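[1] Can you look at this prediction? I've put the sequence above it.
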Amino acid sequence: MKKWLKLSLWIVLIVLVGIQFVPVQRNEIEPVTNADFIEHYESPIVIGNIIRASCYDCHSNQTKYPWYSNVQPIGFHLQNHISEGKSELNLSEFGLLSNRMKRTKLKSILSQIDNDKMPMPSYLFLHSEAKLDSLKKTLLVSYFDSILVDIDR
Amino acid sequence: MKKSNSILTLALVAGISFSLIACANKKSTDHENGNGVHDHSAMNHKAEDEMSDGSVVETSENKSISQLIDQYLVIKNALVQDDSRAAASAGQKLAETSSSIDLNTFEASKQSEIKEILEVVKEHGEHIAKSEIAHQREHFEGMAKDFMDLLAITGTDRTLYQQYCPMYNKNKGGYWLSDSQEIKNPLFGSKMLTCGSVKETISMK
């Protein structure tokens, strides 16, 4: 029994070391284009900074990776989150969407922020700078609202 | 000891297959692009077949749109009954139908807008398929305008009613379409079943 325990600990260790060498594709290589939300709408600097800090890690092509993203399997887990987030909304390519799709996405963005569903609590746990306090929330909501009105016009 | 050896092998195989999966993913996207081109030519071909007989084009247009409206109404009825699961499965079907509609059966000048509408409808359908009921209702409400726009372009062979409840979304109000004049509110369900009124009657026979 003891021999078994020792052996399985070794195996866990080997696997943990082994997976550090599995390559993970990182989401930070693509350059910012005109289709980028902040570029596209020429957002005010204050607004742009809030959006970058609170949304861009999972909803753009430019993730700012924390150091522990180099440790597996945490890195795999983060990468899954990022590709899921980007498939729902990729702000780096927002300008390429049809007006109809922009409107749809903006409505979802507004409702997610308004109902405190985004940024996700599990993300905020380690990224306090991404938290939207009531002031930031009001700023963002009225900003996204104004863009929505412009599209409808 | 033998058993542990096999576990070790298993772990190694798992590690290697991880990296293989990463490579395979890249390949599959390339493949998809190739398929896309292929599909397109197939669609053109099909359209040509149908163009030779004018009446076929018209029937197939009505049929696919009619199917879409049917699925919309299934979602509506499910939400009236607070049945999240039924709404989810209808949402899945709606997403599938909207991506399978052949754009070439529509007039060329209408195609791009119809394409945009169907993309959005697909997005709503996918969210309805995987969400809890409040979120399903959000997406269902979001679709009403897109369906109105779609029907304005394609026409419909039935009478539908655009209905409105002023209390939805913190009193910002919300729309939906129904095949019956009687109000059964899908945005609130049993909580406020009869809240709302008919805003517009759509019939483009």
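    Arrived safely, thanks for sending.

[2] Tell me where the model's unsure across chain B.
    Along chain B, segments meeting pLDDT under 70 span B:1-62, B:204-205.

[3] Strands of that one, start to end?
    Using DSSP state E, the strands of chain B run over B:160-165, B:174-178, B:197-202.

[4] Please list the residues of chain A that sit near chain B.
    Proximity of chain A to chain B (CB under 8 Å from any CB of the partner chain) is limited to residues A:7-8, A:11, A:14-15, A:18-19, A:21-25, A:98-101, A:104, A:107-108, A:111. From N, CA and C alone the C-beta is placed, and that goes for glycine too.

[5] Restricted to helices, list those.
    Residues of the residues of chain A next to chain B located in helices (DSSP state H): A:7-8, A:11, A:14-15, A:18-19, A:99-101, A:104, A:107-108, A:111.

[6] Give me the below-cutoff pLDDT ranges for chain A.
    For chain A (pLDDT under 70), the answer is A:1, A:29, A:153.

[7] Quick check: the residue of it nearest chain B.
    residue A:98 (4.2 Å; CB to the nearest CB).

[8] how about the helices in chain B?
    Along chain B, the segments classed as helices by DSSP H run B:2-51, B:54-80, B:84-100, B:108-130, B:133-154, B:168-171.

[9] got it, and chain A?
    Using DSSP H, helices in chain A cover A:2-19, A:37-40, A:45-59, A:74-88, A:99-114, A:121-124, A:134-152.

[10] Can you lay out these as JSON lines showing mean neighbour count?
    What follows is the helices of chain A, written out as JSON lines (neighbours: other CB atoms under 10 Å in any protein chain shown):
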{"stretch": "helix A:2-19", "mean neighbour count": "12"}
{"stretch": "helix A:37-40", "mean neighbour count": "20"}
{"stretch": "helix A:45-59", "mean neighbour count": "18"}
{"stretch": "helix A:74-88", "mean neighbour count": "15"}
{"stretch": "helix A:99-114", "mean neighbour count": "18"}
{"stretch": "helix A:121-124", "mean neighbour count": "13"}
{"stretch": "helix A:134-152", "mean neighbour count": "14"}
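
[11] to the chain's geometric centre, what's the distance from stretch A:92-109?
    Here the centre of stretch A:92-109 is set off from its chain's centre by 16 Å, with CA atoms, centre = their mean, to the nearest Å.

[12] Pull the contacting residues for the nearest residue to residue A:84 once chain neighbours are set aside.
    Excluding its sequence neighbours, the residue lying closest to residue A:84 (CB to CB, 6 or more residues apart in numbering or on different chains) is residue A:58, at 7.9 Å. Listed by CB atoms under 8 Å, 6 or more residues apart in numbering or on different chains, the contact partners of residue A:58 are A:81, A:82, A:84, A:85, A:86, A:123.

[13] Just flag the most distant two among the residues you listed.
    Within the contacts of residue A:58, A:86 and A:123 form the most distant pair, 14.2 Å apart (CB to CB).

[14] count of neighbours near residue B:167?
    15 (other CB atoms under 10 Å in any protein chain shown).

[15] From residue B:102, how far off is it?
    40 Å (CB to CB, to the nearest Å).

[16] cool, and residue A:5?
    62 Å.

[17] still on that earlier bit, isn't the residue of chain A closest to chain B right up against residue B:116?
    Yes: between residue A:98 and residue B:116 a contact is recorded at 4.2 Å, counting by CB atoms under 8 Å.

[18] Spit out the contact partners of the closest residue to residue A:16 other than its chain neighbours.
    The shortest distance from residue A:16 to any non-neighbouring residue, by CB to CB, 6+ apart, is to residue A:72 (7.7 Å). By CB under 8 Å, 6+ apart, residue A:72 lies in contact with A:16, A:19, A:20, A:22, A:24.

[19] likewise residue B:121?
    Residue B:121 sits next to B:68, B:94, B:95, B:98, B:143, B:146, B:147, B:150 when contact means CB under 8 Å, 6+ apart.

[20] of the residues you listed, list those near chain A.
    Counting by CB under 8 Å from any CB, the subset of the contacts of residue B:121 that neighbours chain A consists of residue B:146.

[21] Looking at the contacts of residue B:121, spot the one nearest residue B:191.
    residue B:143 (20.7 Å).

[22] number of nearby residues for that closest one?
    Around residue B:143 there are 27 other residues, counting by other CB under 10 Å.

[23] surely it meets residue B:72?
    Yes: assessed by CB under 8 Å, residue B:143 is found in contact with residue B:72 at 7.0 Å.

[24] How much space separates the residue most central in space within chain A from residue A:24?
    Closest residue to the average C-alpha location of chain A: residue A:58 at 1.4 Å, with CA atoms, centre = their mean. According to CB to CB, residue A:58 and residue A:24 sit 15 Å apart.
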